[in-house]
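Visitor: Structure of the sequence below:
(one chain, ligands or ions: 2)
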Amino acid sequence: MSTQEFIRNIPKAELHLHLEGTLEPELMFEFASRNNVPIPYRSVEELRQAYRFSDLHSFLKIYYQATAVLLREQDFYDLTWAYLSKIYSQKVRHAEVFFDPQAHTSRGISFETVISGIHRALSDGKEILNISSRLIMCFLRHLPAEAAMETLQQALPFKEWICAVGLDSDELGNPPEKFGTVFDEARKEGFLTVAHAGEEGPPAFIRQAVERLRVKRIDHGVRCMEDVQLVEELRAKQIPLTVCPLSNVKLRVFRDITAHIIKQMMDASLCVTVNSDDPAYFGGYIAENYMAVQQAFHLSESDIYTLAKNSFHASFLSKEEKQAYLSELDRFVSSHALIENVVA
Ligand code: ADE
Ligand code: ZN
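Guide: Residues are numbered from 1 along each chain as shown. Ligands and ions are numbered 1, 2, ... in the order given. Just a heads-up that it's a prediction; the model follows:
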C-alpha cells in the first residue's frame, strides 16, 4: 500500500470544516440555476480563477457572496450530503462540522430552514454511510456581540441538534473577549465551545479563547508557536488545535506548505489534528491536507497514525464512541503492518 493509499484509507475524524466552504463551483451553478439566482461568473472555470486570495478577508468576501445561491432546506441538505459523500471515500468516520447561520438569516433565510436541511443530511450520513457527526454553530465575529446573542436565542429550539458553539470570520480587530458574555450564556445552555484563534490573530487571542471563552479546542492556533509559555500551557493541558494546512497556504498565513509550522507543533507534543477548513476553495479535502503535510515534511506512517489518533481523541464523541473508533484505527494499522511484512 502506498503512503497515499495509507492516508486515504486510515480511519480519521474531521474537526474543522465549514459546510458553506464545501460549496464546489459545479454545485454553486446548479443551485444558482434551480433557484434563479444570478452569479457574476460565466463558467465554473472563471469562478475557479477568482479563487486567488491575499488573506482571510479577501477570501471571506467571496465565501459570503457565494452563499446567495443557498435558499431552500433542500439546498442545505444537498450541500451537506455532497460533503459527506466526498469524505466517505476518504475514510472520515466522524465529522464535526461548522455552519454560519448569520450568513443566511441576514439574507432572510430562516434558521429553521438552514438547520433542518443540514440535520437531515447528517442523520442520513449516519444511517446510509455510517459516518457519525456533530454540528457546531459559529458566530460571525465581524458582527456585534448582540447579533451573536440573538442567534444563540434562535438556536435554542434546536438545541438537541447542536453540540457546540464556535467563533469564525475576520479575526483581526475582533478578539475573543468581544464574545465573552455570549459564550457564558452558551455554556449555561449546555453547549461546548470552540473558537478560531491564532489564524491571523496574535497568540494573545488564543489565550483569551482558552481563558475567557473556556474553549475545548482551538481552531487553527498556528500562531501559538510565537509564545513559548502559551505552547507549554497548550501542551500541558493537551488542548487540541485543529490545523488546516492547505487553508493556511491559500490565505497566505504561510508562504508555502514547506514553510508551515505544523511539524514544529507536532514536535512540541501539542495535540495537533489535520483538517480541511473550506475544501471547495482551498484545493483539497482532508486526505489532500494529510498528503500535503506528509510530502512536505516526510512524515512517517507512525506520524500519520498519531494525527488520526489525535483526531478521535480531540473529538466531542463520548468515551465509548472514541474507544470504538480508536480500536477500528488500531485494527487498520495492525492489518496494514501485517500486509506490509508479508509483502516485504
Ligand atoms: N469562515 C470560513 N473559513 C474561515 C476561516 N478559515 N477563518 C475564519 N473564518 C472562516
Ligand atoms: Zn475555519
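Visitor: And stretch 148-159, what's buried?
Guide: Neighbour-count burial for stretch 148-159 flags 148, 151-152, 154-155, 158 (criterion: 16 or more other C-beta atoms under 10 Å). No exception for glycine: its C-beta is placed from N, CA and C like everyone else's.
Visitor: Can you convert those into a markdown table and add a column each for secondary structure and distance to residue 329?
Guide: Output for the buried residues of stretch 148-159, formatted as a markdown table (DSSP: H, G, I helix; E, B strand; the rest coil; distance: C-beta to C-beta, whole Å):
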| residue | secondary structure | distance to residue 329 |
| --- | --- | --- |
| 148 | helix | 36 |
| 151 | helix | 36 |
| 152 | helix | 35 |
| 154 | helix | 37 |
| 155 | helix | 33 |
| 158 | helix | 32 |
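Visitor: Which one of the residues you listed is nearest to ligand 1?
Guide: residue 148 (14.0 Å; C-beta to the nearest ligand atom).
Visitor: Isn't residue 114 up against residue 99?
Guide: Yes. Under the criterion of C-beta atoms under 8 Å, residue 114 makes contact with residue 99 at 6.7 Å.
Visitor: Generate a markdown table for the buried residues of stretch 148-159, with distance to ligand 1 as supplementary columns.
Guide: A markdown table is the format used below for those (distance: C-beta to the nearest ligand atom, whole Å):
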| residue | distance to ligand 1 |
| --- | --- |
| 148 | 14 |
| 151 | 15 |
| 152 | 18 |
| 154 | 19 |
| 155 | 18 |
| 158 | 21 |
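Visitor: and the two most separated of the residues you listed?
Guide: Distance extremes for the buried residues of stretch 148-159: the farthest pair is 148 and 158 at 16.0 Å, using C-beta to C-beta.
Visitor: hey, which helix is longest across this structure?
Guide: In the chain, assigned by DSSP state H, the helix with the most residues is helix 319-343.
Visitor: can you pull the buried residues of that one?
Guide: 322, 325, 329, 332-333, 336.
Visitor: ditto for stretch 93-107
Guide: Under 16+ other C-beta under 10 Å, the buried positions of stretch 93-107 are 93-105.
Visitor: Residue 107: what secondary structure?
Guide: Recorded secondary structure, residue 107: coil (DSSP: H, G, I helix; E, B strand; the rest coil).
Visitor: Who are the contact partners of it?
Guide: 67-68 (C-beta atoms under 8 Å, 6 or more residues apart in numbering).
Visitor: Look up how far residue 127 lies from it.
Guide: Look at residue 107 and residue 127: by C-beta to C-beta, to the nearest Å, they are 31 Å apart.
Visitor: How about residue 6?
Guide: From residue 6 to residue 127 the distance is 29 Å (C-beta to C-beta).
Visitor: higher neighbour count, the two?
Guide: residue 6 (18 against 9; other C-beta atoms under 10 Å).
Visitor: Nearest residue to that one in space, ignoring adjacent ones along the chain?
Guide: Closest residue to residue 6 apart from its sequence neighbours, by C-beta to C-beta, 6 or more residues apart in numbering: residue 301 at 5.8 Å.
Visitor: Surely that neighbour touches residue 4?
Guide: No. Contact criterion C-beta under 8 Å: residue 301 and residue 4 do not qualify, at 11.6 Å.
Visitor: Between these two, tell me which one has more neighbours.
Guide: Using other C-beta under 10 Å as the criterion, residue 301 and residue 4 rank with residue 301 on top: 17 against 13.
Visitor: can you tell me which residues contact the more buried one?
Guide: 3, 6, 333, 336.
Visitor: gap between the first one and residue 304?
Guide: Put plainly, it is residue 3. In terms of C-beta to C-beta, residue 3 sits 8 Å off from residue 304.
Visitor: Can you add pLDDT and give the buried residues of stretch 148-159 back as CSV?
Guide: Output for these, formatted as CSV (pLDDT from 0 to 100):
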residue, pLDDT
148, 99
151, 99
152, 99
154, 98
155, 99
158, 98
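Visitor: Mind picking the one among those residues that's closest to residue 173?
Guide: Once C-beta to C-beta is applied, the member of these that ends up nearest residue 173 is residue 148, at 15.6 Å.
Visitor: Not counting residues beside it along the chain, what's closest to the residue in the chain that ligand 1 sits nearest to?
Guide: Going by C-beta to the nearest ligand atom, ligand 1 is nearest to residue 168 of the chain, at 3.5 Å. Distances taken as C-beta to C-beta, 6+ apart place residue 138 nearest to residue 168, at 4.4 Å, with adjacent residues excluded.
Visitor: Ok, residue 213 next?
Guide: Spatial nearest neighbour of residue 213, chain neighbours left out: residue 183 (4.4 Å); criterion: C-beta to C-beta, 6+ apart.
Visitor: and stretch 172-179, does that touch ligand 1?
Guide: No. Judged by C-beta under 6 Å from any ligand atom, stretch 172-179 and ligand 1 are separated, with a smallest distance of 10.1 Å.
Visitor: Near ligand 1, which residues of the chain? Just list them.
Guide: Counting by C-beta under 6 Å from any ligand atom, the chain comes close to ligand 1 at 18, 21, 56, 63, 168-169, 196, 199, 247, 277-278.
Visitor: try 8 Å
Guide: Counting by C-beta under 8 Å from any ligand atom, the positions of the chain adjacent to ligand 1 are 18, 20-21, 56, 59-60, 63, 98, 100, 138, 168-171, 196, 199, 219-220, 244, 247, 251, 277-278.
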